[in-house]
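# Predicted model and sequence below, questions to follow.
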Amino acid sequence: MILNIAVLPGDGIGPEVTRQAVKILKAVGETYNHTFNFHEEIIGAVAIDKFGNPLPDKTIELCLKSDAVLFGAIGDPKYDNDPTAKVRPEQGLLKLRKSLGLYANIRPIKAYPTLLEKSPLKKDRIEGVDFIIFRELTGGIYFGEKILSDDGSYASDLCEYSEIEIERIAHLAFKTARKRKKKVTLVDKANVLETSRLWRKITTHIAKSYPDIQLDFLFIDNAAMQLILNPGQFDVILTENMFGDIISDEGSVIGGSIGLLASASIGDENALFEPIHGSYPQAKNKDIANPIASILSAAMLLEHFKLYEEAKAVTKAIERSLELNIVTPDLNVESKYGTKKVGNFIADYIANSDDINYNQENIDFGQSTII
Ligand SMILES: NC(=O)c1ccc[n+]([C@@H]2O[C@H](COP(=O)([O-])OP(=O)(O)OC[C@H]3O[C@@H](n4cnc5c(N)ncnc54)[C@H](O)[C@@H]3O)[C@@H](O)[C@H]2O)c1
Ligand SMILES: CC(C)[C@H](C(=O)O)[C@@H](O)C(=O)O
Ligand SMILES: [Mg+2]
């Protein structure tokens, strides 16, 4: 298969982790005989620094003509610490999602058997946990009208949703539940918000077309608690933009690190693959950021193009790295492995699989042929 992939490393740790994901895709391409072409562009704070624009036209154009986008992270403390900044890195990402029509952000969360001890949550609560959050990505309070009064004493963010915006992602969530444990949980705040009541009404109606799927409702405040108390109850969570943002970071505690959580942002015509974490500026250029979220996002890209065997090879290599404790410091404070070494191990494992009897003593990470 030939794929043209737009690579947007972004800010902070974005370039470091994205480089590992590209390395893994190159290993997959070489091993399984695919041609993956990579074209890089800038987005976020680096793009503001260069062009005064967090999403230059060239970047959107590249994404629109590519088969898929691999995105790293954006964000920089100089903007986070300046609430009056008129141009912000995050605007670049939001505009990109909107321009590409990426309305569904799919965030799988699972407890890896080898990492059960790493989570601060009790082992018996998280064992076997495996669910997916379907987060609406191009509507809601993120995209409603924003007002700041001239004297700076009043601000407003409008939360809006229309029927079509809810329907299209709800169908995706129900179809996915059909292939899984056949349960959808709509997370909302329908006791207070009109938009949430619209979500309930439309989702209830759509559920009639999926009689084999159980539809449950949970208020967001209760859902935040249930995720910690009993995450095993979830299969597919369907929710609006901001609630999905918040509960997915919360859910990452189950896996043991946000550095493990990948996502696919899907629209009718475009697809972008991105870790759920941000630019983690404290770790920039320190070779400590976990690249697995980014690498798993690349695996989701492969699945999107129905390259299932290839995606499986990537997840198997990741699982092997976790089993062998070849992990970054977020998963093992005493780890001697950094971002690059974890990436190298996963790339080498894809290329060589079980031919090499890996153990921590005999690994020579310097030998990775794929950089
Ligand atoms: N999709 C995105 O690009 C995205 C997502 C979230 C935040 N942001 C931006 O990132 C910047 C920093 O935000 P933040 O600190 O709230 O969130 P963050 O996700 O960057 O970091 C929060 C914490 O998560 C951990 N973490 C994150 N990524 C990790 C990784 N790969 N490996 C190991 N640990 C990791 C670290 O402990 C870190 O302190 C802000 O500018 C924010 O706007 C961007
Ligand atoms: C950076 C920010 C705009 C973004 C979001 O809120 O969608 C991030 O938190 C995410 O989860 O991708
Ligand atoms: Mg977020």
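On my side now, so go ahead. Ligands and ions are numbered 1, 2, ... in the order given.

# OK, contacts around the closest residue to ligand 1 within the stretch 51-200 of the chain?
Closest residue of the stretch 51-200 of the chain to ligand 1, C-beta to the nearest ligand atom: residue 75 (2.2 Å). Yep, even glycine has a C-beta here, placed from its N, CA and C like the rest. Taking C-beta atoms under 8 Å, 6 or more residues apart in numbering, we find residue 75 in contact with 11, 12, 44, 45, 89, 90, 278, 279, 281.

# ok, which pair from those residues is furthest apart?
90 and 281 (13.6 Å; C-beta to C-beta).

# Quick one: the strands in the stretch 51-200 of the chain, in order.
68-73, 104-110, 130-136, 146-148, 155-157, 183-188 (DSSP state E, counting those that start in this stretch).

# Just the helices from the chain, written as ranges.
Assigned by DSSP state H, the helices in the chain fall at 14-32, 45-51, 57-65, 77-80, 89-99, 123-126, 163-178, 194-207, 220-229, 241-255, 292-304, 308-323, 339-352.

# for these, which one ends up most surrounded?
helix 292-304 (a mean of 25; mean count of other C-beta atoms under 10 Å).

# Give me the helices and strands touching that helix, please.
Helices and strands touching helix 292-304, by 3 or more C-beta pairs under 8 Å, 6 or more residues apart in numbering; DSSP states H and E, are helix 14-32, strand 68-73, strand 262-266, strand 271-275, helix 308-323, helix 339-352.

# In CSV, please show the C-alpha coordinates belonging to it.
What follows is helix 292-304, C-alpha atoms only, in CSV (Å, rounded to 0.1, in the frame of the first residue of the first chain):
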residue,chain,number,x,y,z
ILE,A,292,4.0,4.9,23.2
ALA,A,293,0.9,7.1,22.9
SER,A,294,2.3,8.4,19.7
ILE,A,295,3.3,5.0,18.5
LEU,A,296,-0.2,3.6,19.3
SER,A,297,-1.7,6.5,17.4
ALA,A,298,0.4,5.2,14.4
ALA,A,299,-1.1,1.8,15.0
MET,A,300,-4.5,3.3,14.9
LEU,A,301,-3.5,4.9,11.5
LEU,A,302,-2.6,1.4,10.2
GLU,A,303,-6.0,0.0,11.4
HIS,A,304,-7.8,2.9,9.7
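
# In this protein, where is pLDDT below threshold?
In the predicted model of the chain, residues 354-371 satisfy pLDDT under 70.

# Would you mind naming what in it lies close to ligand 1?
Applying C-beta under 6 Å from any ligand atom, one finds that the chain approaches ligand 1 through 13, 17, 73-76, 80, 90, 93, 257-259, 274, 277-282, 289-290, 293, 330.

# filter those residues down to the ones close to ligand 2.
With the criterion set as C-beta under 6 Å from any ligand atom, the members of these near ligand 2 are 75, 90, 93, 278.

# what's the burial count for the residue in the stretch 201-350 of the chain positioned nearest to ligand 1?
Nearest to ligand 1 in the stretch 201-350 of the chain, going by C-beta to the nearest ligand atom, is residue 278, at a distance of 2.3 Å. For residue 278, the count of nearby residues is 21 (other C-beta atoms under 10 Å).
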